[in-house]
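# structure for this input, please:
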Amino acid sequence: LLMLLMTLFLSFLGISFTLYPLVARLIPENKMILAFIISLSSGLCVLAWLVTGHWILNNALGVALCVTGMSFIRVPNLKVSFLLLVLLFFYDVFWVFYSQQFFGDNVMVAVAVKETENPINKIAKTLSLPELAIPFLQVPNKLIWGRHMIGLGDMVVPGLLLSFALKFDYAKRDAFQYFSYFSVGFIGYSFGLIIAMVMAYMFHIPQPALLYLV
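As a prediction, the model looks like this:
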């Protein structure tokens, strides 16, 4: 429950940070109205997810968490980003392919598909009210489409490298060139993600996305 509450809080902040640049362009002067609209929109989105558990809302919260993470976390140089990716590469491969041999179960998959009890129903039971929402929720630590999913870490960690590349491009005034570092990195990331999906579809087993992204 504590993990879910923390996720809800971070999701609320994530949606707020994601909406701010868009809403601020429409209402650039009145900060109170701006804050009210953003808070209301974020709260309604989180509440709708709590009640329905819809996968689109789950993905919206996940994307908002990714945006927040990449907004607050910065890599100081390419060496740190490279080291982070290499370490997480081995981490991802171990927990997906070899954790079952040590722990008797695929830990990464078990964590990814684990559901948590809906807190709204807990409150309803305490107040002797009927259940107001679906009983269990998928924690938005992943993006879901059909039977497939990708963890947020597989998006945030490469995203830190891409954001560093974009910052470097701007510093070198090359951000809008077709073969900028960011463009090449984004194409490589997209290609690696497609390969990971194809491999998962072909072999019908979970795949560590960083195996193909790194």
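# so Leu137 bridges to which residues?
Beta-bridge pairing for Leu137 (DSSP bridges): Thr116.
# against Arg74, how distant is it?
Distance check for Leu137 against Arg74: by CB to CB, to the nearest Å, it reads 31 Å. Yep, even glycine has a C-beta here, placed from its N, CA and C like the rest.
# of the two, who's got more company?
Between Leu137 and Arg74, Leu137 has the larger neighbour count (other CB atoms under 10 Å), namely 22 against 11.
# is it true that the more buried one touches Gly53?
Yes - here Leu137 reaches Gly53: they are 5.0 Å apart, a contact under CB atoms under 8 Å.
# common neighbours of the two, please.
The contact sets of Leu137 and Gly53 overlap at Asn118 (CB atoms under 8 Å, 6 or more residues apart in numbering).
# where does the prediction get shaky in the chain?
For the chain, applying pLDDT under 70 flags the ranges 1-4, 28-29, 128-129, 131-133, 174-179.
# how about the helices in it?
2-26, 31-52, 55-72, 78-93, 99-103, 107-113, 119-126, 153-171, 181-203, 209-213 (DSSP state H).
# in TSV: those helices, plus mean neighbour count and distance to Asn141.
Output for the helices of the chain, formatted as TSV (neighbours: other CB atoms under 10 Å; distance: least, CB to CB, whole Å):
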stretch	mean neighbour count	distance to Asn141
helix 2-26	15	7
helix 31-52	15	13
helix 55-72	18	7
helix 78-93	15	14
helix 99-103	12	17
helix 107-113	16	8
helix 119-126	14	17
helix 153-171	18	8
helix 181-203	15	17
helix 209-213	21	14
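# tell me which of those sits nearest to Ile144.
Ile144 sits nearest to helix 55-72 of all those, at 4.7 Å, using CB to CB.
# the inter-axis angle of the closest one versus helix 2-26?
Helix 55-72 and helix 2-26 are oriented at 80 degrees to each other (axes from the mean of the first three to the mean of the last three CA atoms, to 10 degrees).
# just the CA atoms of helix 55-72, as PDB, please.
Extracted in PDB, the C-alpha atoms of helix 55-72 (Å, rounded to 0.1, in the frame of the first residue of the first chain):
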ATOM      1  CA  TRP A  55      -4.300   0.600 -19.400                       C
ATOM      2  CA  ILE A  56      -4.300   3.900 -21.300                       C
ATOM      3  CA  LEU A  57      -4.400   5.800 -18.000                       C
ATOM      4  CA  ASN A  58      -1.700   3.400 -16.600                       C
ATOM      5  CA  ASN A  59       0.500   4.300 -19.500                       C
ATOM      6  CA  ALA A  60      -0.200   8.000 -19.200                       C
ATOM      7  CA  LEU A  61       0.900   7.900 -15.500                       C
ATOM      8  CA  GLY A  62       4.000   5.900 -16.600                       C
ATOM      9  CA  VAL A  63       5.000   8.400 -19.300                       C
ATOM     10  CA  ALA A  64       4.500  11.200 -16.800                       C
ATOM     11  CA  LEU A  65       6.800   9.400 -14.300                       C
ATOM     12  CA  CYS A  66       9.400   9.000 -17.100                       C
ATOM     13  CA  VAL A  67       9.200  12.700 -18.000                       C
ATOM     14  CA  THR A  68       9.600  13.700 -14.300                       C
ATOM     15  CA  GLY A  69      12.600  11.400 -13.900                       C
ATOM     16  CA  MET A  70      14.400  12.700 -17.000                       C
ATOM     17  CA  SER A  71      13.600  16.300 -15.900                       C
ATOM     18  CA  PHE A  72      15.200  16.000 -12.500                       C
END
